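# Okay, predicted coordinates and the sequence, questions at the end:
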Amino acid sequence: MATVTRKGQVSLPKEIRDALGLVPGSEVEFHLEQGQVVLRKRVSPEILQQWQGYLRGKLPAGSVDEMMELLRGERLPAEAGPE
């Protein structure tokens, strides 16, 4: 539980800060959803740009089906249904 100060400020509980990885200077966003306030950690576009193209050239070329088969491994034979 928290109390709103005269300035409209609220201290976030440590477990919430830790769970979201919030540190001093972190940016958060507030949204109203069905009468409730939702707090989200803001992810900066710069962070996303750092990872853009990261997997390019690291994965074998091919169709999505081929990629899924590679990731999942060999398929097991389908079980016979009830007769």
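Good, I have the coordinates. Every value quoted in this text rests on a predicted model; they were computed, and no experiment measured them. Numbering: from 1, shown residues only.

# Can you report phi and psi for residue 18?
The phi/psi pair for residue 18 (degrees, to the nearest 10) reads phi -60, psi -40.

# How far off centre is the lowest-mean-pLDDT helix or strand in the chain?
Taking mean pLDDT, DSSP states H and E as the measure, the helix or strand of the chain with the lowest value is helix 45-51, at a mean of 74. Distance of helix 45-51 from the chain centroid (CA atoms, centre = their mean, to the nearest Å) equals 14 Å.

# so where's this structure uncertain?
When residues are selected by pLDDT under 70, those of the chain lie in 59-61, 80-83.

# residue boundaries of the helices in it?
Remark: helices assigned in the chain by DSSP state H are 14-20, 45-51, 64-72.

# of those helices, which approaches residue 33 most closely?
Across those, residue 33 has its closest neighbour in helix 14-20 (16.9 Å, CB to CB). Quick note: C-beta positions are derived from backbone N, CA and C, even for glycine.

# For the closest one, name the packing helices and strands.
Identification of packing neighbours for helix 14-20 by 3 or more CB pairs under 8 Å, 6 or more residues apart in numbering; DSSP states H and E yields strand 36-41.

# Tell me which other helices or strands the strand it packs on touches.
If you count contacts as 3+ CB pairs under 8 Å, 6+ apart, strand 36-41 packs onto helix 14-20, strand 28-33.

# Mind checking these for the one nearest to residue 77?
helix 14-20 (42.6 Å).

# List of residues touching the closest one?
22-23, 26, 28, 39, 41 (CB atoms under 8 Å, 6 or more residues apart in numbering).

# Could you do stretch 42-52 as well?
Under the contact criterion CB under 8 Å, 6+ apart, stretch 42-52 has outside partners 26-29.
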